[in-house]
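All I have is the shape, not the residue letters:
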Ligand code: ADP
Ligand code: MG
């Protein structure tokens, strides 16, 4: 019979990392969620080489006490949950305590953190699971985490990454959605030293669209706001002239969570039907709020999919209201337009 081996901590962390960390954008997602859980109101995300070479996330959240810094990097170390009972009352985004241990198992991680109560900050590094020493450094309140050379010690995983350009576009996409989903947090995104956007955190969705997509898009928006029993729809529809040849401009959030959903996409597109040519897709940013009991978000959290109980009602509600709003703004149907 084959001998049974007990895996060492580093191997266990590397395997666990396979579930949490697929690519640079998954690292960014975990770290930004940590920043928001720490109460940050301003978050800067900087990437180089698509996030494969470097990811730097700076927040102005609570920071971590000196005595807790090393613990934060242990597997199943979390300040957000202490027993199974807590699982049902969670308000935070993370709770499994796996992100920092996983990321630091497959990259070179440096953290600088300071709480408002302490006089100095703490710097700590973990490279591929190898822990460094705690060092005192000057630092502002909050936390900065730098992740370098993702998958440098797991080349088999690194091979599955796409080009830095494509990986960078996934990160950009993620930050755009996080920013639109959290209008009261200021996001600053820098890609290869290029300042991509900086949102103000003042809560105004239209200004946010301006900051992320630029002036032309923000000048061609129509507001939508409607409600039926238990479902609210609010946000902006792009004028038909903003159309695109893919769905990349269709942004919708259900109860504050960015999702991809074919049924909602089709409902919106049906609403635009008279105004767009075939194979053209609209711009929109729509927040849908509904009774959480009517949604199953556990279908696939990482894939951003949800299941709706009253599919048909939701479809019709979206379709009809999109169509009416466009009509009431006297958009010209595609058939009558001369290009
Ligand atoms: P989880 O978020 O599931 O608790 P993580 O591995 O992501 O697990 O983080 C471990 C712990 O480290 C968190 O519970 C939190 O206490 C602390 N932490 C991580 N990132 C930050 C941050 N940016 N600011 C303050 N505390 C943080
Ligand atoms: Mg976390």
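That came in fine, so what should we check first? Predicted, not measured: the structure shown is a model, and the values here were computed from it. Numbering: from 1, shown residues only. Ligands and ions are numbered 1, 2, ... in the order given.

Not counting sequence-adjacent ones, nearest residue to residue 55?
Nearest in space to residue 55, with sequence neighbours left out and distances taken as Cβ to Cβ, 6 or more residues apart in numbering, is residue 147 at 4.4 Å. Just so you know, the C-beta spots here come from the backbone N, C-alpha and C atoms, and that holds for glycine as well.

Check the closest residue to residue 259 other than its chain neighbours and give its pLDDT.
Ranked by Cβ to Cβ, 6+ apart and with sequence neighbours excluded, the top spatial neighbour of residue 259 is residue 304, at 4.8 Å. Among the per-residue scores, residue 304 shows a pLDDT of 71.

so what strands line up beside the strand or helix carrying the residue nearest to residue 55?
Secondary structure assignment for residue 147, by DSSP states H and E: strand 142-148. Paired strands of strand 142-148, with direction, are strand 54-59 (antiparallel), strand 108-114 (antiparallel) (DSSP bridges).

ok so, going back, now do the residue nearest to residue 55: how many residues are near it, please.
Other residues near residue 147 number 26, with proximity taken as other Cβ atoms under 10 Å.

coming back round to it: I'd like a version of the strands paired with strand 142-148 in JSON lines, one that adds mean pLDDT as further columns.
JSON lines is the format used below for those (pLDDT from 0 to 100):
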{"stretch": "strand 54-59", "mean pLDDT": "98"}
{"stretch": "strand 108-114", "mean pLDDT": "98"}
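
follow-up on the earlier one: around the residue nearest to residue 259, count how many other residues there are.
A count of nearby residues for residue 304, using other Cβ under 10 Å, gives 15.

quick one: contacts for it?
For residue 304, the contacting residues are 257-260, by Cβ atoms under 8 Å, 6 or more residues apart in numbering.

Restricted to buried residues, select these in PyMOL.
If you want just the buried ones from these in PyMOL, going by 16 or more other Cβ atoms under 10 Å, the selection is:
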select buried, resi 257+258+259
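
Which members of the contacts of residue 304 are positioned in helices?
Taking DSSP state H, every one of the contacts of residue 304 sits outside helices.

Show me which of the contacts of residue 304 is closest to ligand 1.
When the contacts of residue 304 are ranked by distance to ligand 1 (Cβ to the nearest ligand atom), residue 257 comes first, at 16.9 Å.

Around ligand 1, pick out the residues from the stretch 1-150 of the chain.
Counting by Cβ under 6 Å from any ligand atom, the stretch 1-150 of the chain comes close to ligand 1 at 30, 34-35, 38, 59, 61-64, 72, 77-80, 94-100, 143.

hang on, the earlier thing: out of the strands paired with strand 142-148, nearest to ligand 2?
Proximity to ligand 2 (Cβ to the ion) singles out strand 54-59 among the strands paired with strand 142-148, at 11.8 Å.

returning to that earlier point: is there a quick ChimeraX command that grabs whichever of the residues of the stretch 1-150 of the chain next to ligand 1 are buried?
Here is the ChimeraX command that selects the buried residues among these (16+ other Cβ under 10 Å):
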select :30,34,35,38,59,61,62,63,64,72,78,79,94,96,97,98,99,100,143
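
Which of the residues of the stretch 1-150 of the chain next to ligand 1 fall within helices?
30, 34-35, 72, 99-100.

filter those residues down to the ones near ligand 2?
Applying Cβ under 5 Å from the ion to those, one finds that 34, 99 fall near ligand 2.
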